[in-house]
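Q: structure of the sequence below:
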Amino acid sequence: MRKECAAALICLSLLGCSEPSGQAANAQAATSAQQGSGIEPYALLASELLTDIRIQRDAGVIQARADDLIQQSSVVLDAFNQAYPQCQPYLDAVLTLRASLAEISLDTLAQDYHGDGKLPELPDPVCYHSKDLVVHPATVLVMAKGGLAGDEAYLEAELEMVEVMAHIEQVKQALKRAEEQTEQQQVANDSTSN
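A: Purely as a prediction, here's the structure:
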């Protein structure tokens with residue numbers, strides 16, 4: 001898997017070299033912003049967890065990987081809160097989920113966090129996808145805590161992680177938009193100060 005990621009990064013780097021300099025600079029800026037956000041390490045951990053689920057590794061391994069992913073999500077959510085301050089109360093409430101993972105049930109998790117029962121009102125639709133970077137791995141963790149007995153349990157865990165992969169892409173796009181808006185604002189500020 002790491003070889004595939006490395007090959008993809010090399011291809012993207014080579015593609016970036018053939019772009020006109022302005023587009024390459026924008027791509028590099030967006031990439032650096034995303035790296036600073038923690039989304040790339042998060043994506044790698046999520047991919048590894050998905051692979052572990054697909055090969056039906058021991059539930060203890062799955063649980064530990066899901067916990068690592070939840071820990072990394074706090075870095076992503078902190079960066080997301082900086083890009084979208086209106087999301088902070090909503091995402092901070094999501095992060096409190098970590099403290100209750102030892103005793104929470106799947107039903108409670110579904111109602112309170114998937115269904116937003118314990119969360120403040122969604123302040124902006126952009127906040128939604130970042131929330132699920134915590135909630136879906138938490139669901140996998142709780143499922144693994146129960147043992148992941150059988151193919152159906154692994155399939156359910158896999159579906160949770162497939163959703164995470166889709167949410168990652170949405171979060172990347174939102175971070176990229178925020179970075180572009182910041183750059184445009186800086187250009188506008190520079191042009192008015194001259």
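
Q: so for the helix ranked longest in the chain, mean pLDDT?
A: Criterion DSSP state H: the longest helix present in the chain is helix 151-193. Averaged over helix 151-193, pLDDT sits at 88.

Q: how far does that helix sit from the chain's center?
A: Distance, stretch centre to chain centre, for helix 151-193: 8 Å (CA atoms, centre = their mean, to the nearest Å).

Q: with stretch 132-140 instead?
A: Relative to its chain's centre, stretch 132-140 lies at 9 Å (CA atoms, centre = their mean).

Q: pretty sure Leu91 is in contact with Leu77, am I right?
A: Yes - between Leu91 and Leu77 a contact is recorded at 4.8 Å, counting by CB atoms under 8 Å. For glycine as for every other residue, the C-beta is placed from the backbone atoms N, C-alpha and C.

Q: quick check: neighbours shared by the two?
A: Ser130 (CB atoms under 8 Å, 6 or more residues apart in numbering).

Q: Val142: how many residues sit nearby?
A: 20 (other CB atoms under 10 Å).

Q: OK, contacts around it?
A: 101, 104-106, 109.

Q: how close does it get to Val126?
A: Taking CB to CB, to the nearest Å as the measure, Val142 falls 27 Å from Val126.

Q: for Val164, same thing?
A: 17 Å.

Q: cool, Ser74 as well?
A: Ser74 is 18 Å from Val126, by CB to CB.

Q: tell me the backbone dihedrals of Gly115, please.
A: The phi/psi pair for Gly115 (degrees, to the nearest 10) reads phi -90, psi 0.

Q: let me know the pLDDT of it.
A: In this prediction, Gly115 carries a pLDDT score of 89.

Q: same deal with Cys17?
A: 37.

Q: then Asp67?
A: So, for Asp67, pLDDT stands at 95.

Q: measure how buried it is and give me the count.
A: 17.

Q: tell me which residues touch it, please.
A: 101, 141.

Q: same thing with the one 10 residues further on?
A: Under the criterion of CB under 8 Å, 6+ apart, the neighbours of Leu77 are 91, 94-95, 130, 133-134.

Q: among those, who's most crowded?
A: Leu133 (29 neighbours).

Q: surely that residue and His167 touch.
A: Yes - taking CB under 8 Å as the definition, Leu133 is a contact partner of His167 at 5.8 Å.

Q: for the closest residue in space to His114 that isn't next to it in sequence, pull up the helix or strand it's in.
A: Of all residues not flanking His114 in the chain, Val135 sits nearest, at 5.8 Å (CB to CB, 6 or more residues apart in numbering). Applying DSSP states H and E as the criterion places Val135 in helix 127-145.
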